[in-house]
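K.L.:
here is my input; please provide its structure:
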Amino acid sequence: MIDISPKKTSLPKLRYSNQNDMLIRPATIEDAASIAKVGVDTWRSAYRGLVDDDHLDNLSYERSEVRWKIGLAEENCFTFVAVGDDGSIIGFAHAGPERDGDPIHKGELYAIYVLQEYQGRGIGKALFDKVAERFMADGTEGMVIWVLTENKSRWFYEHINGRFIRRKTLTIGGRELEASAYGWNI
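P.N.:
Residues are numbered from 1 along each chain as shown. A predicted model of the protein is given here:
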């Protein structure tokens, strides 16, 4: 049994006995505000020290919600959310066609975020598995994700058998950062 009870008692409890029991569902446009909050909060906790503090401090739930309403309506993309017992969204994964012209990996996991209090409980893996299942059902062969090379969470992708593919430079908040791509054949 996986213990995925929250570390803080004020957070919604999860009643899952294993990853297969987790409530992972397709996102709807009504989820945009909650997804935005998870995204902003996770960026602030995961990227502090990697991304410029001013950039992180100026992230906005409202601006992010507008972007998510657009993103959730994109025809070729899909999003799954992980839901707590009280119905709140505690994580999400967003994916669609690969954007750099990779000849092998035709799908891309654009974002996968789980609130810091829920990390390490199998939720990210369950979201990842849903994305992989969807790509397989759609006939997409291969999936890639980009992660900041200095992000300590990148080891998650190696743990789930991601293969390092290549690096590139991204500009975030006016700062150039190195990103690493990990890929899977699905």
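K.L.:
what residues sit buried inside the helix or strand bottoming out on mean pLDDT in the chain?
P.N.:
Ranked by mean pLDDT, DSSP states H and E, the helix or strand of the chain with the weakest confidence is helix 155-159, at a mean of 92. With burial defined by 16 or more other Cβ atoms under 10 Å, the residues of helix 155-159 counted as buried are F156, Y157. (C-beta placed from N, C-alpha, C; glycine too.)
K.L.:
and the residue nearest the centre of the chain, how close does it get to R67?
P.N.:
The C-alpha lying nearest the average C-alpha coordinate of the chain belongs to I112 (Cα atoms, centre = their mean; 0.7 Å). Distance of I112 to R67, given as Cβ to Cβ, to the nearest Å: 17 Å.
K.L.:
could you do V38 as well?
P.N.:
When V38 is compared with R67 (using Cβ to Cβ), they lie 13 Å apart.
K.L.:
neighbour count for those two, which is higher?
P.N.:
V38 (23 against 14; other Cβ atoms under 10 Å).
K.L.:
which element, helix or strand, includes the more buried one?
P.N.:
helix 32-46 (DSSP states H and E).
K.L.:
circling back: kindly state the beta-bridge partners for the residue nearest to the centre of the chain.
P.N.:
A93 (DSSP bridges).
K.L.:
contacting residues around A95?
P.N.:
C77, F78, T79, G107, E108, L109, Y110, V131, R134, F135, M143 (Cβ atoms under 8 Å, 6 or more residues apart in numbering).
K.L.:
mind listing the helices for this protein?
P.N.:
Taking DSSP state H to define them, one finds helices in the chain at 32-46, 53-57, 61-72, 123-137, 155-159.
K.L.:
give me the buried positions along the second one.
P.N.:
Along helix 53-57, the positions that meet the burial threshold by neighbour count (16+ other Cβ under 10 Å) are L56.
K.L.:
CA atoms only: put that helix into CSV for me.
P.N.:
What follows is helix 53-57, C-alpha atoms only, in CSV (Å, rounded to 0.1, in the frame of the first residue of the first chain):
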residue,chain,number,x,y,z
ASP,A,53,13.2,35.3,-8.1
ASP,A,54,11.5,38.3,-9.6
HIS,A,55,10.1,36.1,-12.4
LEU,A,56,8.7,33.6,-9.9
ASP,A,57,7.3,36.3,-7.6
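K.L.:
who's in contact with that helix?
P.N.:
Counting by Cβ under 8 Å, 6+ apart, W43, R44, Y47, R48, I172, G173, G174, R175 sit against helix 53-57.
K.L.:
got a winner among the residues you listed for most neighbours?
P.N.:
Going by other Cβ under 10 Å, Y47 tops the contacts of helix 53-57 with 21 neighbours.
K.L.:
you'd agree that residue is up against L148?
P.N.:
Yes: if you go by Cβ atoms under 8 Å, Y47 and L148 touch, sitting 7.2 Å apart.
K.L.:
any stretches of this protein with poor pLDDT?
P.N.:
1-22 (pLDDT under 70).
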